[in-house]
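Asker: Sequence plus the predicted model coming up.
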Amino acid sequence: MVVVTDTVVIPEFDVRRYGMVDPTGVIDSTAAFQAAITAAALGTVVVPPGTFVCGSLTPHSGLRFMGSGKGITIIKALAGAHTLFDTSTFYLTDVEVCDLTYDGTNQTAGQPGIEFVLGSRIAVRRCRIIKTTAVGLEFYIGTECVAEDNDIESAVSDGIRLGGSPNTNCRIINNKVLNSGGIGINGQGTGTIVSGNTVAGSGTIGIAMSGSVSNTVADNVVTTSADNGIDIGQSFHMTVIGNTVNGALSGLDMDMAGAAAGTYCGNSFVANTLLACTDAGITLTSNNGVVGCVVQGNTIDTPTSGGIWLTNIGRTVVNGNVVYNSPNGVALTGASHLTVSENEFLDDRGGSSVLVAVHYNSGCSYNTFTGNDFSLVHAITSGGIPATDIYRGNPGYNPVGHAVAQPVVPSTTVAATNTTNVDCTVFVNGGTVTVVAIGGSTTGQVAGAFRVPAGQTITLTYSIAPTWQWFGD
């Protein structure tokens, strides 16, 4: 039989023409399947409806191996069989496997369901892969490989994996991965897109991308993972956008522990929804001050430990996030030069519940908080605000007014630095003052109101000391 398209004639090779096949799943059909594959040099091997017992098959480049639909064509692993396709000794290109169910119940222990080792432009589409004794579906060192619209259920280890290195420009799209013993989707590589997948009940991480560069993780739904929901580990230039995680350790996790001090990572976490995490909603960590992340427009609801945790992270933007009912909205350790702006921190639990908008641990400096809504939390900060951090225009915190710390008037010509964390208006009265300078620049005035931004200095030159009053914005 042939299939005619507008441009090419594609021959079809029905396995029933190449030997004994048993659609009742009793007799081994491996020989007929392999004979059809061998005959189909550049064609489509067609497997009809039924349940077939089959051992490992040897494919070739240019093969299309097609069943009659998930749940219609069922291939069960022959007792003691390895993976469905044995590709360990040669490089494949332009292969597609589609429209079938593979049941790995009788495989030898530790075997993947469908695995392609060393290949490019290999696609597995609309397949159901169940009860494999290792990984459900794996591309090992692949280029432009695709896993699309598959159902992977109850794999002993990972559901879908990009193994080895490098994997380049692969696509893991619209799959459903349920109850994997290990990671739901393990998608390391460069230029990989992991999008539109549903991952539930993973034994460890929902979606893991450690060691990756320039990957996109978008619009996935991850539920009830035993470990982190989406974990990019030590990766660079990653975009994690529009995902929903419900019930994980940390919703989103980045750990750049091995990166050198000051390394620019360029990772973005945007418009994700993170629900009921048993640790933090978002956790970004390094040992040496990694810089250059964006955390923007995320919604975090009722995490057990905290909303956004940043440890030894620098020069990062935290903007437009909403954190509900968290012990800490943002928790900082060793964080510096952060821009934290236009976030909302909300606590509607009442009773003895306490939400602290910003919690400081040690080693933080030069962070700026602007336009955040602190009006609906029980406490603004804990742990003590570092003298170099600045708070501007945050409802619920600013203005501070006369409650700001009132420094003593220093000796003449000695500069006083505004360490109140807020911009201040300083009213100078009385005494005999000849010069008032802000930041070393003479104002031309000797009394009245003077603006002293946070971190800036005011210097008075006088023969008789004046008095002053500070009012914080």
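Answerer: Happy to help now that I have it. Residues are numbered from 1 along each chain as shown.
Asker: From now on I want contacts and neighbour counts done on CA atoms only, so please keep to that.
Answerer: Fine.
Asker: what residues does the one helix or strand Val217 maps to touch?
Answerer: Using DSSP states H and E, Val217 falls within strand 216-218. Applying Cα atoms under 8 Å, 6 or more residues apart in numbering, the contact partners of strand 216-218 are 191-196, 238-243.
Asker: right, and the helix or strand after it?
Answerer: Trace forward from strand 216-218 with DSSP H and E and the next one is strand 221-223.
Asker: Quick one: list the elements packing against that following strand.
Answerer: Applying 3 or more Cα pairs under 8 Å, 6 or more residues apart in numbering; DSSP states H and E, we find strand 221-223 packed against strand 198-200, strand 244-246.
Asker: partners of the last one in the sheet?
Answerer: Pairing partners of strand 244-246, with direction, according to DSSP bridges: strand 221-223 (parallel), strand 273-275 (parallel).
Asker: Can you dump the C-alpha atoms of the helix or strand that comes right after that strand in PDB for me?
Answerer: The helix or strand immediately downstream of strand 244-246 is strand 252-256, counting by DSSP H and E. Extracted C-alpha coordinates of strand 252-256, given in PDB (Å, rounded to 0.1, in the frame of the first residue of the first chain):
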ATOM      1  CA  LEU A 252      10.600  27.200  41.300                       C
ATOM      2  CA  ASP A 253      14.200  26.500  42.300                       C
ATOM      3  CA  MET A 254      17.600  27.700  41.000                       C
ATOM      4  CA  ASP A 255      20.800  26.600  42.700                       C
ATOM      5  CA  MET A 256      24.000  28.200  41.200                       C
END
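Asker: Next, the buried residues of the helix or strand just after strand 252-256.
Answerer: Note on strand 252-256: by DSSP H and E, the next helix or strand toward the C-terminus is strand 268-270. Neighbour counts over strand 268-270 (16 or more other Cα atoms under 10 Å) mark 268-270 as buried.
Asker: Just give me the neighbour total for Asp386.
Answerer: Just to correct that, residue 386 is Pro rather than Asp. 18 (other Cα atoms under 10 Å).
Asker: going forward can the numbers begin at 20, since that is how I track them
Answerer: All set: I'll call the first residue 20, so the last point we hit is now Pro405.
Asker: Neighbour-wise, give me the winner out of the contacts of strand 235-237.
Answerer: Comparing the contacts of strand 235-237 on neighbour count, Thr211 comes out first with 27 neighbours (neighbours: other Cα under 10 Å).
Asker: and that one, how far is that from Pro185?
Answerer: To Pro185, Thr211 is 11 Å away according to Cα to Cα, to the nearest Å.
Asker: Pro42 now?
Answerer: 40 Å.
Asker: Would you mind giving the strands paired with strand 263-265 as CSV with mean neighbour count and mean pLDDT added?
Answerer: Below are the strands paired with strand 263-265 laid out as CSV (neighbours: other Cα atoms under 10 Å; pLDDT from 0 to 100):
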stretch, mean neighbour count, mean pLDDT
strand 240-242, 23, 98
strand 292-294, 24, 98
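Asker: Tell me which of those strands lies nearest to Val136.
Answerer: Nearest to Val136 among the strands paired with strand 263-265 is strand 240-242 (27.4 Å), distances taken as Cα to Cα.
Asker: Three-state assignment for Arg36, please.
Answerer: helix (DSSP: H, G, I helix; E, B strand; the rest coil).
Asker: Now whichever helix or strand Thr70 is part of: average pLDDT?
Answerer: Taking DSSP H and E as the criterion, Thr70 maps to strand 69-73. Per-residue pLDDT values over strand 69-73 give a mean of 98.
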